[in-house]
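*Asks:* return atomic coordinates for the entry below.
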Amino acid sequence: MQKDYIVRLSADERETCLAIIKKLKVSSTKVRRAHILLKAEAEGPNWKDQDIADAFFCSRQTVENVRKRLVTEGFDIALNGKKRDVPISLKRLDGNQEAKVIALRLSDPPKGRNAWTLRLLAEKVVELEIAPTVSYQTIRRTLKKTKLRSAKFNTG
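*Replies:* Predicted structure coming up:
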């Protein structure tokens, strides 16, 4: 199968990869990427993607992604990765909104209900315009932090 992205490393890039592998003072992901780049090099070992994936306990897609990043985005990004545009732990509710959710949870449930459900709280938070959108899981995490969940709380 013809490879779309051919790995060609300069002498400096090769030395950088070798130094990373030799020292092992960085993340395992970075070490794995260095191994992948060295084994995929066209003028070097030129291993098949599946062989590289098997040798370094990753998927073939990972190997393809590292190759592609090297060619399209450069050596530094292929080796180090790039920062996410949106942080993983983007906080959904600020402190003021969380306080309103807690107050809502402590209030009486709507007519015809015995208790608040997570989904019902999420709908009410949007209805009261406390937050533009919120999932019941965000409500669950907020209440879990404050230990306000009860044994009879359900998600329905």
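
*Asks:* how's the protein carved up into domains?
*Replies:* 11-80, 95-145 (automatic domain parsing).

*Asks:* now render these as JSON lines, adding mean pLDDT and mean neighbour count.
*Replies:* C-beta coordinates here come from the backbone N, C-alpha and C atoms, glycine included. Formatted as JSON lines, the domains of the chain follow (pLDDT from 0 to 100; neighbours: other C-beta atoms under 10 Å):
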{"stretch": "domain 11-80", "mean pLDDT": "96", "mean neighbour count": "16"}
{"stretch": "domain 95-145", "mean pLDDT": "93", "mean neighbour count": "15"}
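
*Asks:* for Gln2, find the nearest of those.
*Replies:* domain 11-80 (12.1 Å; C-beta to C-beta).

*Asks:* what's the end-to-end length of the closest one?
*Replies:* Start-to-end span of domain 11-80 (C-alpha to C-alpha, to the nearest Å) is 18 Å.

*Asks:* let me have the domains of the chain in JSON lines, extended by distance to Asp4.
*Replies:* Converted to JSON lines, these look like this (distance: least, C-beta to C-beta, whole Å):
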{"stretch": "domain 11-80", "distance to Asp4": "8"}
{"stretch": "domain 95-145", "distance to Asp4": "38"}
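
*Asks:* now do stretch 55-64: everything it contacts.
*Replies:* Among residues not part of stretch 55-64, those counted as contacts by C-beta atoms under 8 Å, 6 or more residues apart in numbering are 5, 32, 35-36, 39-40, 47, 49-50, 52-53.

*Asks:* alright, I will stop here.
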